[in-house]
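Asks: Okay, predicted coordinates and the sequence, questions at the end:
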Amino acid sequence: MNAILDLPTISTLGEFASDATRQADDFVLLHFKSESRSPETLRKLLRGPMKVEGMMWVISREGCSDIEINLVGCHVASSSLVILMPGSIVESKVLSDGPIDCYMLFLAPPFLRNINIDLNVLGQLPNRQISPEADPAIRLEPGELDMMTRLLELLTVNRHVNDETVYARSIARSTIASLLYQGMQKVSRLYGEAEKDNARDTDARLSRRSNYVRDFMQLVRQNFQTERSVSFYASRLCITPKYLSLIIKAQTGHTAGDVINNFVLLEAKNLLRFSGMNIQQVANALNFPSQSAFGKYFKHLTGQSPSEYQHS
C-alpha cells in the first residue's frame, strides 16, 4: 500500500483543479478540467494502490480513465458515476490524454456519520444484490448528470456565500444527503428494471426473504423508539434472531442490530439538533432508562457524546 486517500491528501490535489472547495474537516470537492490539469503530475500523484479513508464520489462529465477498485477493473467513461466506499482500495491505471471534465467529492468519516439518511428509503431499494463482478461505473442519463452537477455546484456556492456561518455545515449536510438520494435512486432504477426482467426466475425462497426484509423495515420504523432488540423483531416475524440477522445482512450489508441502531441514531440526531429538547428529554423520548444510558449508547455508536453532537 503506497498511500492513504484522506482529506489532507485529496486537498493537495486542489492545486491541479480548476476549482477546489473545502469545508473545514468535513469534505473536499475538486473540479478538474482539461485546461487546469497537469496530466503527468496527476499520474505521478495517483500512481499505485491507495486506501480510501472516507467516501469518495467521482462524476465524469467528459473524458475517460481505467482504474481498479478492490482489484476489479473499472472503465470510467463520460457521463458516469463511481462511488468509492470507506476502506476501498483504488489504483489508477490509464488517465486519458483527451478532454476532461470531472468532479471528485471526498467525505470525511466524521462528517459522513452526521448526514441524516432515511433508512426507510434503503429498505425500498431493489432486492437484487449487485454482483461483485459488475463494472462499478454507473452510466448517467443527461438529466441525472445535470442534477448531480447542480448539487455539487451548490456545495461550492454554499461554501463561498455562507463561509463559516452556523448554517453552512447543515446546508452542506442536506445537499450531500440529496446527492446520496440521487445515487440511490439511480441504483433503484438500474437494478429495479433488472429485477423485472428476471422476475420469473425468482424462486419462492428468495421471495420469502424479500418479504421478511420489507416487514422487518416496517416493524423497525414503527417500534424503534421503544424496542431495540433483534429478538423482539424476530418474534414478531416468527423466525429466529439468527435467521433474521442472516437475511438482513445478505440483503442490506448491515446486521439487523445495525439497522435498528441506525433508526434510533437518526431520530436521536434529529431530536438533539432540531427539537429544542434537552438530552434528558431525548433519552426519555427514545425510551432509555436514564440520560447516562443514552449517552453511553450514543457515544459508542458515534464517537461523540450527545452534548458534543448537539453543539457541533
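Replies: Received it, and whenever you're ready, just let me know what you need.

Asks: okay, CA-based contacts and neighbour counts for the rest of this
Replies: Will do.

Asks: Just want to check the distance between the closest residue to Gly257 other than its chain neighbours and Thr9.
Replies: Nearest non-adjacent residue to Gly257, counting by CA to CA, 6 or more residues apart in numbering: Val230, 6.1 Å away. Using CA to CA, to the nearest Å, Val230 is found at 40 Å from Thr9.

Asks: The two: who's more crowded?
Replies: Set side by side, Val230 and Thr9 show more neighbours around Val230, with 20 against 12, by other CA atoms under 10 Å.

Asks: Now do the contacts for that one.
Replies: With contact set as CA atoms under 8 Å, 6 or more residues apart in numbering, Val230 has these partners: 241, 245, 256-257.

Asks: Could you identify which of those has the most neighbours?
Replies: The most crowded member of the contacts of Val230, judged by other CA under 10 Å, is Ala256 (27 neighbours).

Asks: Please determine how far it is located from Pro289.
Replies: From Ala256 across to Pro289, the span is 22 Å (CA to CA).

Asks: Moving C-terminal from the helix or strand that Phe106 is a member of, which element do we reach first?
Replies: Per DSSP states H and E: Phe106 is located in strand 101-107. Moving toward the C-terminus from strand 101-107, the first helix or strand encountered (DSSP H and E) is helix 109-113.

Asks: Can you report the mean pLDDT over the residues of the lengthiest helix in the chain?
Replies: Criterion DSSP state H: the longest helix present in the chain is helix 168-197. Averaging pLDDT along helix 168-197 gives 78.

Asks: Can I take it that Val157 is in a strand?
Replies: No: counting by DSSP: H, G, I helix; E, B strand; the rest coil, one finds Val157 to be helix, located in no strand.

Asks: coming back round to it: for the longest helix of the chain, name the packing helices and strands.
Replies: In this structure, helix 168-197 packs against helix 142-162, with contacts taken as 3 or more CA pairs under 8 Å, 6 or more residues apart in numbering; DSSP states H and E.

Asks: Identify all contacting residues around the helix it packs on.
Replies: 21-23, 29, 61, 79-80, 168, 171-172, 175-176, 178-179, 182.

Asks: Most neighbours among those, which one?
Replies: Going by other CA under 10 Å, Leu29 tops the contacts of helix 142-162 with 25 neighbours.

Asks: ok, now how distant is the closest residue to Ser305 other than its chain neighbours from Ala108?
Replies: Spatial nearest neighbour of Ser305, chain neighbours left out: Lys299 (4.8 Å); criterion: CA to CA, 6+ apart. The gap separating Lys299 from Ala108 is 18 Å, by CA to CA.

Asks: Likewise for Ile279?
Replies: In this view, Ile279 and Ala108 are 26 Å apart by CA to CA.

Asks: swap in Ile138?
Replies: Going from Ile138 to Ala108 by CA to CA gives 23 Å.

Asks: So Lys299 and Ala108 - more neighbours on which side?
Replies: A side-by-side neighbour count of Lys299 and Ala108, using other CA under 10 Å, places Ala108 first with 20 against 15.

Asks: Correct me if wrong: the more buried one contacts Ala24.
Replies: No: using CA atoms under 8 Å, Ala108 makes no contact with Ala24, being 10.2 Å away.

Asks: which residues do those two both contact?
Replies: With contacts defined as CA under 8 Å, 6+ apart, no residue is shared by Ala108 and Ala24.

Asks: and the next element down the chain from the helix or strand of the chain with the lowest mean pLDDT?
Replies: The weakest-scoring helix or strand in the chain, judged by mean pLDDT, DSSP states H and E, is helix 119-123 (a mean of 50). Using DSSP H and E, the helix or strand that follows helix 119-123 in sequence is strand 138-139.

Asks: And the contacts of that following strand?
Replies: With CA under 8 Å, 6+ apart as the criterion, strand 138-139 contacts 79-82.

Asks: can you put those residues in a markdown table and add secondary structure?
Replies: Listed next are those as a markdown table, based on three-state DSSP:
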| residue | secondary structure |
| --- | --- |
| Ser79 | coil |
| Ser80 | strand |
| Leu81 | strand |
| Val82 | strand |
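
Asks: any idea how far the residue nearest the centre of the chain is from Thr149?
Replies: By CA atoms, centre = their mean, the mean C-alpha position of the chain lies nearest to Leu180, the distance being 6.1 Å. Distance check for Leu180 against Thr149: by CA to CA, it reads 13 Å.
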